[in-house]
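The sequence isn't on hand, but the structure is:
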């Protein structure tokens, strides 16, 4: 499958005048201007904020057009939404999701659900920041209390033979997360980094390289480093596909999305299109808390059209 044929477009500085009219628009509230401004600008009949309990330090949440659940687990959090989705025949609607403020496991779970619900396609928006407040010292999550498969994204073809297991990490700013995943899957003989290049901003790439070098001190050398644009989920999925094809003897395949939300979508897309015939899982270092309002400014907004029914 050629993932690069999927459609993408971008709008400068949050200018969304040429975006389509949607029936339903969904976004996760993280108190950043780049999510709040997009929420206000998108043309949609219905709009809904997801209030995620991991963003505990936000002082003031929206009080209208909200979906709220205190469960930290993806399946329990979306339980009522899934019921509404079915009762209101959302799969026949034109849906757009702003992925910018989502926590990665929740985003992946939501995409997996949509792919299994009978929807043919969904538009995703992602707004690039001008900068992160603390540059390469930006921390996106709190204490990591467990590493596990993202709910709904465990392998259904698990291979008891683990001698040629393959680990693929989309690496971002947090070298501690990279190290924890690499250590958790230390038995993997084949380890690959995918770095975001081109990056969202020129200095972001240099900062991620520094973080990767820090992680190497505790994880050892990776077999290879690959590159995919930090803003392109489809090239990311294609690079993962190429890595898997380079390793036809891989016994189990572990994907870990630790970089940008677009690259997270790329990993989710590869899983969704391959989980029924490959021993592939998505693993993630879970935290009960995530930082909010860590990004500043709006550079550009991307629109990705993900088609779930392509052969």
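That came through fine. As the structure is a prediction and not an experimental result, all values here were calculated from the model.

any chance you could map the helices in the stretch 51-200 of the chain?
For the stretch 51-200 of the chain, helices defined by DSSP state H, counting those that start in this stretch occupy the ranges 74-77, 79-87, 104-116, 175-184.

closest one to residue 38 among these?
helix 104-116 (15.5 Å; C-beta to C-beta). Where you see a C-beta, it was placed from the backbone N, CA and C, and this is true even at glycine.

Identify each buried residue in the closest one, please.
Residues of helix 104-116 classed as buried by neighbour count (16 or more other C-beta atoms under 10 Å): 104, 105, 106, 107, 108, 109, 110, 111, 112, 113, 114, 115.

and the closest residue to residue 15 other than its chain neighbours, what are its bridge partners?
Ranked by C-beta to C-beta, 6 or more residues apart in numbering and with sequence neighbours excluded, the top spatial neighbour of residue 15 is residue 301, at 7.9 Å. Listed by DSSP bridges, the beta-bridge partners for residue 301 are residue 11, residue 127.

re earlier: can you say which of the helices of the stretch 51-200 of the chain is nearest to residue 297?
helix 104-116 (22.1 Å).

how about the residue nearest the centre of the chain, what does it touch?
Central residue of the chain (C-alpha atoms, centre = their mean): residue 264, 2.8 Å from the mean position. Taking C-beta atoms under 8 Å, 6 or more residues apart in numbering as the criterion, residue 264 is in contact with 99, 104, 107, 108, 170, 233, 257.

for the residues you listed, which one is nearest residue 240?
residue 170 (8.6 Å).

And that closest one, what's its pLDDT?
For residue 170, the model assigns a pLDDT of 94.

May I see the buried residues of helix 104-116 arranged in CSV, with distance to residue 21 and pLDDT as well?
Formatted as CSV, these follow (distance: C-beta to C-beta, whole Å; pLDDT from 0 to 100):
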residue, distance to residue 21, pLDDT
104, 29, 96
105, 31, 97
106, 26, 98
107, 24, 98
108, 27, 98
109, 27, 98
110, 22, 98
111, 22, 98
112, 27, 97
113, 24, 97
114, 20, 96
115, 24, 95
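
any low-confidence regions in the protein?
132-142, 198-223, 293-295, 310-311 (pLDDT under 70).

Looks like residue 273 contacts residue 1 (just checking).
Yes: in this structure, residue 273 is within contact of residue 1 by C-beta atoms under 8 Å, at 6.1 Å.

follow-up on the earlier one: ok, now which ones touch the residue nearest to residue 15?
Taking C-beta under 8 Å, 6+ apart, we find residue 301 in contact with 10, 11, 14, 15, 16, 38, 125, 126, 127, 128.

ok, now with 6 Å
11, 14, 125, 127 (C-beta atoms under 6 Å, 6 or more residues apart in numbering).

List just the nearest of these to residue 279.
The nearest one, if we look at the contacts of residue 301 relative to residue 279 and count by C-beta to C-beta, is residue 125, at 32.5 Å.

Count the residues that sit near the nearest residue to the closest one once chain neighbours are set aside.
Of all residues not flanking residue 125 in the chain, residue 98 sits nearest, at 4.5 Å (C-beta to C-beta, 6+ apart). Here the number of neighbours of residue 98 (other C-beta atoms under 10 Å) works out to 25.

can you pull up the bridge partners for residue 98?
residue 27, residue 125.

Tell me which of residue 273 and residue 1 has more neighbours.
The neighbour count for residue 273 versus residue 1, taken as other C-beta under 10 Å, is higher for residue 273 (18 against 13).

Okay, and that one sits in which element?
helix 261-274 (DSSP states H and E).

how far is that helix from where the chain is centred?
Remark: helix 261-274 is offset 7 Å from the chain centroid, using C-alpha atoms, centre = their mean, to the nearest Å.

just stretch 71-83 next, same as before
18 Å.

how long is that stretch end to end?
16 Å (C-alpha to C-alpha, to the nearest Å).

Stretch 177-196: which residues count as buried?
177-182, 184-185, 188, 190-196.

Just the residues contacting that stretch, thanks.
144, 147, 165-171, 215, 218-219, 222-228, 230, 239, 243, 247, 254, 256, 258-260, 285.
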